[in-house]
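Asks: here is the input, now give the coordinates:
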Amino acid sequence: MSVEPSVGRRPGRRDEILASFTRHVAQDGYDGANFAMVANELGMSKGTIVHHYGTKDRLLAALHESYMRKRLAEARLIVERLRNPAQQLAGMLFAFVMYQVHDRDATIAFQREISRISGEEGIRLRDEYLELVRDVLRRGIESGQFRDGDVNVRSLLTFGCSQWAWTWFQPDGRLSVEEVGSAFVDLVLGGLLVRRTELAKLADVDGPTLRAVRDCLAAVDGTLADA
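Replies: Down below sits the predicted model:
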């Protein structure tokens, strides 16, 4: 899967509605956000929103699906560009934390309302993402890089742990997003690796793993903007 950055297109009304709704959900939660807020922000009627999305539940489903499509595209690219399971998992862990500043509104909106994912497509995308994590864990065990263990439990623990970062991470806080990502890599891979000799390199904020992650996020951003 080869992805290159490209010049973005101007967003249409449907995209603007979704972006506005996402910001309000990030700030006020699903229950606190409504069509009137979006309509007032964008200078349109509530009927225009209904025309594009129908109901508030469908708009939330679109938020979930859009978010997971981006994350899945990035995860696939990370797995493609990094050469072994330890590097691939480290890259995905860094990305989990980087989302607190990269696509921040969508990340907070998604994470605070993750329990509301009920649409078939949203569930499918989430399951596909988790299967990608499980596949990296399986290959790490098979190659002798990771200690043996239940990949289903490990994938859920890893994914679940990252979902709460929105409640405590502050972009202008004591630690940078890169430093928190490094701590996450050190914590998870420190418990998985059979030999920890490469752990410091994997968790290095100036190392090749994080550079590759940044490149992947930028590449997917460019591709989706031009879609």
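Asks: what does the one helix or strand Glu178 maps to rub up against?
Replies: Using DSSP states H and E, Glu178 sits within helix 177-192. By C-beta atoms under 8 Å, 6 or more residues apart in numbering, the residues outside helix 177-192 that reach it are 86, 89-90, 93-94, 96-98, 100-101, 137, 140, 145-147, 149, 154, 158, 161-162, 165, 169, 171, 175, 196, 199, 202-205, 209-210. To be clear about C-beta, it is placed using only N, CA and C from the backbone, and glycine gets the same treatment.
Asks: what's the mean pLDDT across it?
Replies: Averaged across helix 177-192, pLDDT comes to 97.
Asks: can you check stretch 24-37 too?
Replies: The model assigns stretch 24-37 a mean pLDDT of 96.
Asks: tell me how far that stretch lies from the chain's centre.
Replies: Here the centre of stretch 24-37 is set off from its chain's centre by 21 Å, with C-alpha atoms, centre = their mean, to the nearest Å.
Asks: that one: which residues count as buried?
Replies: Neighbour counts over stretch 24-37 (16 or more other C-beta atoms under 10 Å) mark His24, Val25, Ala26, Tyr30, Ala33, Asn34, Phe35, Met37 as buried.
Asks: what's the most distant pair in those residues?
Replies: Within the buried residues of stretch 24-37, Ala26 and Phe35 form the most distant pair, 16.6 Å apart (C-beta to C-beta).
Asks: domain parsing for this structure?
Replies: 10-54, 67-225 (automatic domain parsing).
Asks: make a markdown table from these and add distance to Leu60 to it.
Replies: As requested, the domains of the chain are exported to a markdown table (distance: least, C-beta to C-beta, whole Å):
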| stretch | distance to Leu60 |
| --- | --- |
| domain 10-54 | 6 |
| domain 67-225 | 6 |
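Asks: Ala61 and Tyr53, how far apart?
Replies: Ala61 is 9 Å from Tyr53, where distance means C-beta to C-beta, to the nearest Å.
Asks: equivalent analysis for Asn84, please.
Replies: 43 Å.
Asks: Arg126 now?
Replies: In terms of C-beta to C-beta, Arg126 sits 21 Å off from Tyr53.
Asks: what comes up buried for the top helix by length along the chain?
Replies: Longest helix of the chain, by residue count under DSSP state H: helix 56-81. Counting neighbours by 16+ other C-beta under 10 Å, one finds that the buried residues in helix 56-81 are 56, 59-79, 81.
Asks: who are the packing partners of that helix?
Replies: helix 13-32, helix 46-53, helix 85-98, helix 104-112, helix 120-142, helix 208-225 (3 or more C-beta pairs under 8 Å, 6 or more residues apart in numbering; DSSP states H and E).
Asks: out of those, which is the most enclosed?
Replies: Neighbour counts (mean count of other C-beta atoms under 10 Å) averaged over each of the helices and strands packed on helix 56-81 peak at helix 85-98, with a mean of 25.
Asks: got the CA positions of it in PDB?
Replies: Listed next in PDB are the C-alpha coordinates belonging to helix 85-98 (Å, rounded to 0.1, in the frame of the first residue of the first chain):
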ATOM      1  CA  PRO A  85       6.500  -7.000  14.600                       C
ATOM      2  CA  ALA A  86       8.300  -5.200  17.400                       C
ATOM      3  CA  GLN A  87       8.800  -2.100  15.300                       C
ATOM      4  CA  GLN A  88       5.200  -2.300  13.900                       C
ATOM      5  CA  LEU A  89       3.700  -2.600  17.400                       C
ATOM      6  CA  ALA A  90       5.900   0.300  18.700                       C
ATOM      7  CA  GLY A  91       4.700   2.400  15.700                       C
ATOM      8  CA  MET A  92       1.000   1.600  16.400                       C
ATOM      9  CA  LEU A  93       1.500   2.400  20.100                       C
ATOM     10  CA  PHE A  94       3.200   5.800  19.300                       C
ATOM     11  CA  ALA A  95       0.300   6.500  16.900                       C
ATOM     12  CA  PHE A  96      -2.300   5.700  19.600                       C
ATOM     13  CA  VAL A  97      -0.800   8.600  21.700                       C
ATOM     14  CA  MET A  98      -0.100  10.900  18.800                       C
END
